[in-house]
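Q: Structure here, sequence nowhere to be found:
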């Protein structure tokens, strides 16, 4: 077996561990009700109002942990497990997505950079690996094969860059969320610690995904070096 596969296995292990930790942590704090009784949707509404943001809609979206903020349409979407729930986990997730809305409202630079990278990162993630595969099949002794491999690695690299830029955006959104939960009287200190653990678990999935992508990129560059 190609020794570089160990990098792929390490990345997969990191991603599985982070995903498992997120699920167990979210499940644990989904069973702990916030003393204020406020739901995820109500949390989002309060934070947005108190932050002076009046142009963002709050919508319910199907699925589990599908919560996200759409900066283009100015819509904050909360999953079914968060929208009507008053658990510590749900309130924390809703606050985190509000953190992204606040970033957008304040023109937070890393968020702008990430948004600008979306088109090229999407193309890179979709075409990078196929081009690399085709280049290897055609053979790197042919100019066209080497060209396709190089283009594929660059495309995949742009997708990796997007994941790296995502990290400060996510950590900052969580910090804004925790500040809002305390400043607006939504949670006490003890409850906030539970929410912080949930948000940290979610952040670790982004860290693991970025690490796995970097390891894959290192592997591809190493394979290229062997073939030249």
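A: Sure, I can see it. Remember, predicted model here, so these are calculated numbers, not experimental data.
Q: For this structure, which segments count as helices?
A: Ranges of helices in the chain, per DSSP state H, are 5-30, 40-50, 80-83, 88-105, 109-138, 143-183, 189-227.
Q: And the contacts of the second one?
A: Meaning helix 40-50. 38, 54, 56, 58, 60, 76, 78, 82-86, 90-91, 93-95, 97-98, 101-102, 180-181, 183-184, 186 (CB atoms under 8 Å, 6 or more residues apart in numbering). Backbone N, C-alpha and C define where each C-beta goes, glycine included.
Q: Quick one: buried ones out of the residues you listed?
A: Using 16 or more other CB atoms under 10 Å as the burial test, the contacts of helix 40-50 include 38, 56, 58, 76, 78, 82-83, 85-86, 90-91, 93-95, 97-98, 101-102, 180-181, 184, 186 as buried.
Q: any weak-confidence spans in the chain?
A: Along the chain, segments meeting pLDDT under 70 span 1, 227-228.
Q: List the contacts of the most centrally placed residue in it.
A: Closest to where the C-alpha atoms of the chain average out (CA atoms, centre = their mean) is residue 206, at 5.0 Å. Residue 206 is in contact with 163, 166, 167, 170, counting by CB under 8 Å, 6+ apart.
Q: Nearest residue to it in space, please, no chain neighbours.
A: Sequence neighbours aside, residue 170 is the residue nearest to residue 206 in space, at 5.1 Å (criterion: CB to CB, 6 or more residues apart in numbering).
Q: Now do the contacts for that neighbour.
A: For residue 170, the contacting residues are 202, 203, 206, by CB under 8 Å, 6+ apart.
Q: cool, residue 85 as well?
A: 30, 39, 40.
Q: let's see it at 7 Å
A: Residues near residue 85 by CB atoms under 7 Å, 6 or more residues apart in numbering: 39, 40.
Q: before we move on, what about residue 90?
A: 30, 40, 81, 82.
Q: what does residue 162 give?
A: So residue 162 contacts 114, 117, 121 (CB under 7 Å, 6+ apart).
Q: Among the residues you listed, name the buried ones.
A: Buried by 16+ other CB under 10 Å: 114, 117, 121, out of the contacts of residue 162.
Q: unless I'm mixing things up, the second one is touching residue 165, no?
A: Just to be clear, that refers to residue 117. Yes - with contacts counted by CB atoms under 7 Å, residue 117 reaches residue 165, the gap being 6.2 Å.
Q: hmm, back to that, closest one of the contacts of residue 206 to residue 72?
A: residue 166 (16.8 Å; CB to CB).
Q: any idea how far the closest one is from residue 201?
A: Separation of residue 166 from residue 201 (CB to CB, to the nearest Å): 16 Å.
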